[in-house]
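In: okay, sequence plus prediction incoming.
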Protein chains: 2
Amino acid sequence: MRGSAVSRRGLLQAAGAGMMSMWVPQGIKGYTAAEMRALGQAGRLEVGISKWDLDTPALCVDLDALERNLRKMQDAVVRHGVASRPHAKTHKCPVIARLQLASGSIGICTAKVSEAEVMFQHGIDRILMTTSNVTPFKIRRAMTLRTWCPGFIQAVDTDQNARDLSDAARAAGVRADVVIDVDPGTHRTGISPGPPALKLAQLIDELPGLRLRGILCYDGGAQHVKGFAARRERSLARMRAGAETRDLMLRSGLSVEIFSGGGTGTYNIDHETPGLTDVQVGSYIFMDAQYLEIGGQSDDAVYRDFEPSLTILTTVLNAQHEGVATTDAGTKACTLNQPWPIVKGERGMSYRATSDEFGTIRYDNPSRLYAVGAKLELIISHCDPVVNLYDQMYAVRGDRVEAVWPIAARGKST
Amino acid sequence: MRGSAVSRRGLLQAAGAGMMSMWVPQGIKGYTAAEMRALGQAGRLEVGISKWDLDTPALCVDLDALERNLRKMQDAVVRHGVASRPHAKTHKCPVIARLQLASGSIGICTAKVSEAEVMFQHGIDRILMTTSNVTPFKIRRAMTLRTWCPGFIQAVDTDQNARDLSDAARAAGVRADVVIDVDPGTHRTGISPGPPALKLAQLIDELPGLRLRGILCYDGGAQHVKGFAARRERSLARMRAGAETRDLMLRSGLSVEIFSGGGTGTYNIDHETPGLTDVQVGSYIFMDAQYLEIGGQSDDAVYRDFEPSLTILTTVLNAQHEGVATTDAGTKACTLNQPWPIVKGERGMSYRATSDEFGTIRYDNPSRLYAVGAKLELIISHCDPVVNLYDQMYAVRGDRVEAVWPIAARGKST
């Protein structure tokens, strides 16, 4: 695993064009005009302006906080003896995927084949797709991607799907890498652990078109259990499904090179599961109101392990009525996820995004009231679906826009 | 007002390139290869295939239902002696805006200046922006649009904003058309009705850069009141704010050429408000689970005035557990709006989209169970934010894809 420091130079290098060579952090601050151009954003009018001058609603990521989050996660996984394979479903942004790889991650995950295609088009070539491809069309897309991207691995959770993938791989002239999706008990995706999963593994091992790489076992529900102790108990109990399946496979002489699972809520718990190789962390880079609520090991009330870096800038449109103000960021800018966005740096007011076009500030006991045209900053409710609403995010250092990052896989839901 | 029939030929004509000449319905079925090319979609692989062969999640609009909805609305407003000025925030799709104008609408509405820009770029030149532009940046955008598009009208709801708009209009060398946004009592946007609104109207009348066109008064909450009688009572009471303001303005010798308001829930009520000129209907073209619930004049349980035309196709990914199945359409494909999407044509099962990536079917007393790879069709929960997730919608007649319509203003929230 690589070192974990992420400098400004490193950021720009990682955000640069196609090459996939590993970047060795140098800790050098500052950057050249050529590096700015390499970001492909030098021509953007927004670069260099204050974020407070952006038109709203605007999605902003604080680079200092993002870099600290990257560093902290990488330090943690190194300390725990595992690796990180961050989930691109969270950011849908190839620049951030490159930052993650540059900081030491061993690959990235995607939820959809369309996301994997976009990441590959932007130079990311170590991709684990955590969902199965079950239709002929999706399988064809996956195999086309596999022919170009040898580092593409996909999930499988039924015998029939394994046979279909094997046939398609042979037709495409490749041997496709797969991991078995093991259901930790959420009954959402995955095959039942133990003997059913072992049987599938044995089938895959015999199929001529497939190469068995291991398993994944993801308990989404565990990530948001409130309270560290309760979260740890739930997660370790559920992940036993994966550990026991892995043992069975190893005893049967099968390869389990990969045992991937976990997430931002359990990143400091998952290494206790025997044999786990990497954590599929996503939200740690951005954080959000949902994660803040779950509490951490050191603070049971607020999850402070990572910093909220992703915010929405919004403008007050109407302030004519006592106790409320209307903004330009409603459901289409914030989603309906709850807890509602948090007005950053303010007390005594709450925010709701129940209207498609408009947000509502309710003043309870505020230190100030906003006038028409005033801008405020919201800590987002839940990062994944919020990011999926925007075509770009503004990468901000202090108050300055340093780059405009395309959310290239936005809306890629197929 | 124009006639209301929308034929297949009319559809294709309306969906064609730039020209804005009024289309006179001819009732001729069928279309030529040239017309197909005019749609700009002839090269799309999806055109001509069965919708059931589309990769999922896929947003589909049923053309027969859409055309009947267009026709029914236009027949109704003609019968009621008002006009329609449909809201493009619902569809964000220039092709549909053109269909609406072709069916007789007098213009379209947008909620955002970015939507207005996209509509204008696609040949729509009668645009009423129903939100105020309150920041220098937004005002500049609006005035730039106004210099190119004389049919652009914008809302205003404070004295200061009127002065700012007037200054910007003079700087741009135009006289900008405005309507006063009158608050019907929702305290979301708009100025208080009566004397405050009159005072603003008098100011606008004196400002050199502005031309007063009238008022708008929109009660979003009234649209979803359940039960026709209750909805009628609420809406008419609230719209009195607009009617009384209009009276005051007329008595003061001011122009109220436009009195715009209402929506899909009150389209057959709004004409009872004295002086109302046009209804800002949006959802009638698509309908959704939210609107089905409000009940209509003839059926208090289900709102049947318009047909659900917008659906999401989704694929079953996992069917290994009793009582449930997992699909590929979660929050990012369906939003969190409730009531949840409805599985079309099925009883005894419910759908939830609480997971970002996955939907859940719960079987209660189903007539069938879905296997992995099976596709099903969902009636959407709430059309506006759902449309805002997709880059395109498939225009389907029967089961055949007839065109692929870009949702060109998707994500245009500024």
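Out: Cool, the structure landed.
In: per-residue pLDDT, A:Arg44?
Out: With respect to pLDDT, A:Arg44 has a value of 72.
In: residue contacts, A:Thr130?
Out: By C-beta atoms under 8 Å, 6 or more residues apart in numbering or on different chains, A:Thr130 lies in contact with A:His87, A:Cys109, A:Thr110, A:Ala111, A:Ala155, A:Asp181, A:Leu216, A:Tyr218, A:Ser260, A:Gln280. Where you see a C-beta, it was placed from the backbone N, CA and C, and this is true even at glycine.
In: let me fix that, I meant to ask about A:Ala374.
Out: By C-beta under 8 Å, 6+ apart, the neighbours of A:Ala374 are A:Thr315, A:Val316.
In: what's it sitting at in phi/psi?
Out: As for A:Ala374, its main-chain torsions (degrees, to the nearest 10) stand at phi -70, psi 150.
In: one step back: restrict the contacts of A:Thr130 to those near chain B?
Out: Contacts with chain B within these, as defined by C-beta under 8 Å from any C-beta of the partner chain: A:Ala111.
In: now the contacts of A:Thr130 in a markdown table, with pLDDT, neighbour count and distance to B:Ala374?
Out: Shown next, in a markdown table, are those (pLDDT from 0 to 100; neighbours: other C-beta atoms under 10 Å in any protein chain shown; distance: C-beta to C-beta, whole Å):
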| residue | pLDDT | neighbour count | distance to B:Ala374 |
| --- | --- | --- | --- |
| A:His87 | 98 | 26 | 27 |
| A:Cys109 | 98 | 30 | 26 |
| A:Thr110 | 98 | 27 | 24 |
| A:Ala111 | 98 | 27 | 20 |
| A:Ala155 | 98 | 24 | 19 |
| A:Asp181 | 98 | 28 | 19 |
| A:Leu216 | 98 | 27 | 24 |
| A:Tyr218 | 97 | 27 | 24 |
| A:Ser260 | 98 | 29 | 28 |
| A:Gln280 | 98 | 23 | 28 |
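In: of all the contacts of A:Thr130, which comes closest to chain B?
Out: Proximity of those to chain B (C-beta to the nearest C-beta) peaks at A:Ala111, which lies at 4.7 Å.
In: residues touching that closest one, list them.
Out: A:His87, A:Lys89, A:Met129, A:Thr130, A:Thr131, B:Asp356, B:Glu357.
In: show me what contacts the closest residue to it other than its chain neighbours?
Out: Excluding the flanking residues, the one nearest A:Ala111 by C-beta to C-beta, 6 or more residues apart in numbering or on different chains is A:Lys89, at 4.1 Å. Residues counted as contacts of A:Lys89 (C-beta under 8 Å, 6+ apart) are A:Cys109, A:Thr110, A:Ala111, A:Lys112, A:Glu115, A:Gly282, A:Asp384, B:Asp356, B:Glu357.
In: now the nearest residue to A:Ser50 once chain neighbours are set aside: how far from chain B?
Out: Nearest non-adjacent residue to A:Ser50, counting by C-beta to C-beta, 6+ apart: A:Asp399, 4.8 Å away. Computed as C-beta to the nearest C-beta, to the nearest Å, the A:Asp399 to chain B distance reads 16 Å.
In: surely A:Trp405 is in a strand?
Out: Yes - A:Trp405: assigned to a strand according to DSSP: H, G, I helix; E, B strand; the rest coil.
In: output the below-cut-off pLDDT ranges for chain A.
Out: Residue ranges of chain A with pLDDT under 70: A:1-43.
In: spell out, range by range, the helices that occur in the stretch 251-400 of chain A.
Out: A:289-292, A:331-334, A:383-387 (DSSP state H, counting those that start in this stretch).
In: contacts for the first one?
Out: In other words, helix A:289-292. Contacts for helix A:289-292 (C-beta under 8 Å, 6+ apart): A:224, A:264-265, A:283, A:302-303, A:306, A:308, A:337-342, A:379-382.
In: wait, isn't A:Gly209 in contact with A:Asp167?
Out: Yes - in this structure A:Gly209 lies within contact range of A:Asp167 using C-beta atoms under 8 Å: 6.5 Å.
In: settle it for me: which of these two has more neighbours?
Out: Between A:Gly209 and A:Asp167, counted using other C-beta atoms under 10 Å in any protein chain shown, the more crowded position is A:Gly209 (22 against 15).
In: for the more buried one, what are its contacts?
Out: Counting by C-beta under 8 Å, 6+ apart, A:Gly209 makes contact with A:Leu165, A:Ser166, A:Asp167, A:Ala168, A:Ala169, A:Arg170, A:Val174, A:Arg175, A:Ala176.
In: take those residues and keep only those in helices.
Out: In helices, judged by DSSP state H, the following of the contacts of A:Gly209 are found: A:Leu165, A:Ser166, A:Asp167, A:Ala168, A:Ala169, A:Arg170.
In: so what's the fourth one up against?
Out: Counting by C-beta under 8 Å, 6+ apart, A:Ala168 touches A:Ile139, A:Arg140, A:Ala142, A:Met143, A:Ala176, A:Gly209.
In: helix/strand/coil for the third one?
Out: The reference is to A:Ala142. Classification of A:Ala142 using three-state DSSP returns helix.
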